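Participant: Sharing a model prediction with you, sequence too.
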Amino acid sequence: MLELKNIDTFYGNIQALRDVSIKIGEGEIITLIGANGAGKSTTLMTICGVVPPRNGEVLFQGQSLGGVSPDKVVARGICQVPEGRLIFPDLTVQENLDMGAFLRSDKAGIRTDLDQVFALFPILKERRGQLGGTLSGGEQQMLAISRALMARPKLLLLDEPSLGLAPLIIRQIFDIIKQINRESNTTIFLVEQNANQALKVAHRGYVMENGRITLEDSCDKLLANDEVKKAYLGL
Ligand code: ATP
């Protein structure tokens, strides 16, 4: 579904990604793990066209995303849940969800997806009239994921959904990520520092260090890998 081929991305003179190649098949959950500053968010921003690559190519469903603006990337079916959630704090839960569907005109489909989002996160239905900024951190993360789902993406990009959340809420969020993948066959690219949880929900994983992919394998193998255990699992 998505392929990054030999990507180099720069911020001015600073090279953030070096020869990055990643493949994500339809229906997969793929995780990208790495420490602070490794280049994980830059990888997502490169996919979305926010920070275009200097070299290499991003292919989505076989077509190049070169020169495609971020709004057109969303229109093609890629939706990102950014790090820090970035919901609209002064809009209600319902209004935030409506914003997620702003490119769509299929009213019946939007209603169906709203029902599905409320089935995944019943607390959001209870709080649909409440301002986004008054929700707890976990509820804001649920809202951010739900807002992205309202665009009915083919590929959902999640940037550190566990950041700053309590362990119980993290488990709940990761369970829902699996459920979204299973029930709607949405392909998911999950960027995480929480390697332990991410490797438990994903099918395959990539490890990034200093802007380079240093390892790629099935999650079972990465969980058993001595380097991964030492550097990312605290074992
Ligand atoms: P984090 O978990 O902290 O978000 P990350 O793995 O997502 O880390 P990136 O945010 O992609 O890492 O950063 C990769 C590198 O690019 C870092 O060295 C960072 O300092 C640098 N960088 C990120 N954004 C910019 C920017 N706007 N201008 C210059 N350098 C940047």
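Facilitator: Everything's here; your move. Numbers count the residues shown, from 1 in each chain.

Participant: next structured bit after the longest helix seen in the chain?
Facilitator: Looking across the chain with DSSP state H, the single longest helix is helix 167-184. Using DSSP states H and E, the helix or strand that follows helix 167-184 towards the C-terminus is strand 187-192.

Participant: List the contacts of Glu192.
Facilitator: By CB atoms under 8 Å, 6 or more residues apart in numbering, the contact list for Glu192 reads 31-33, 40, 160-162, 198. Where C-beta positions appear, they are placed from N, C-alpha and C, glycine not excepted.

Participant: how about Val228, phi and psi?
Facilitator: Note on Val228: backbone dihedrals following degrees, to the nearest 10 are phi -60, psi -40.

Participant: from what I can see it touches Leu215, true?
Facilitator: Yes: using CB atoms under 8 Å, Val228 is in contact with Leu215, at 7.0 Å.

Participant: Could you name every residue contacting both of the two?
Facilitator: 207, 222.

Participant: between these two, who's got more neighbours?
Facilitator: For Val228 versus Leu215, the count of surrounding residues by other CB atoms under 10 Å is larger for Val228: 23 against 16.

Participant: Please name the residues that touch the residue nearest to the more buried one when sequence neighbours are not counted.
Facilitator: Counting by CB to CB, 6 or more residues apart in numbering, the nearest residue to Val228 once its immediate chain neighbours are dropped is Leu222, at 5.1 Å. The contact partners of Leu222, by CB under 8 Å, 6+ apart, come to 199, 205, 207, 215, 228.
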